[in-house]
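*Asks:* Curious how this folds, go ahead:
(one chain, ligands or ions: 1)
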Amino acid sequence: MTCSRLIMLAVMGLAYASQSLAANDLARGTEVFNGTCIACHGTDGSGNLPGVPDLTGSKGLLSIQDAVLLKRMADGFQSPGSPMAMPPRGGDPGLTDADLKAVLKYMRKEFQSN
Ligand code: HEC
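*Replies:* Sure, this is the predicted structure:
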């Protein structure tokens, strides 16, 4: 077997691994959203309760940088004058940082095109 063939195989393996990782993320994100976030944010992300912002649209809140959103999701967040706070980790301390990344990915995919 030539060296370039080995490299090709390695590259194909990596591409496969990263594809299935992305699919896992999305599956986990769906699970987290439906288990925890849906109560306030609604099935379509437009918000179920007074004080819960509409997360839909390509220029909406989900277009804020990852680092900012992930920190607000992890620590909780209340904007000035808002009648309700976003609870830390949506009220589920069992959610990991990887879960929050996965759910952010899910929300962007589902809600930014609404
Ligand atoms: C108890 C209700 C509730 C639950 C459960 C909840 N949220 Fe929120 N969320 C809010 C409220 C209220 C705000 C707006 C807070 C404000 O602006 O004062 C918000 C805001 C947000 C924002 C926008 C942040 C910003 O920069 O304006 C994101 C993103 C978000 N939530 C993600 C999530 C995720 C992910 C989950 C599940 C893990 C979740 N929320 C669960 C009530 C909730």
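*Asks:* And the pLDDT at Met1?
*Replies:* Per-residue confidence (pLDDT) for Met1: 61.
*Asks:* just Asn114 next, same as before
*Replies:* 68.
*Asks:* Equivalent analysis for Leu21, please.
*Replies:* Looking at Leu21, the pLDDT reads 77.
*Asks:* where's it relative to the ligand, distance?
*Replies:* 20 Å (CB to the nearest ligand atom, to the nearest Å). Every C-beta, even on glycine, is put in place using the N, C-alpha and C of the backbone.
*Asks:* Any idea how many residues pack against that residue?
*Replies:* Around Leu21 there are 10 other residues, counting by other CB atoms under 10 Å.
*Asks:* What is the neighbour count of Asp66?
*Replies:* Neighbours around Asp66, by other CB under 10 Å: 12.
*Asks:* any idea what sits nearest it, other than its immediate chain neighbours?
*Replies:* Leu104 (6.8 Å; CB to CB, 6 or more residues apart in numbering).
*Asks:* Cross-check the contact I'm expecting between the one you found and Ala74.
*Replies:* No - with contact defined as CB atoms under 8 Å, Leu104 does not reach Ala74; the gap is 10.9 Å.
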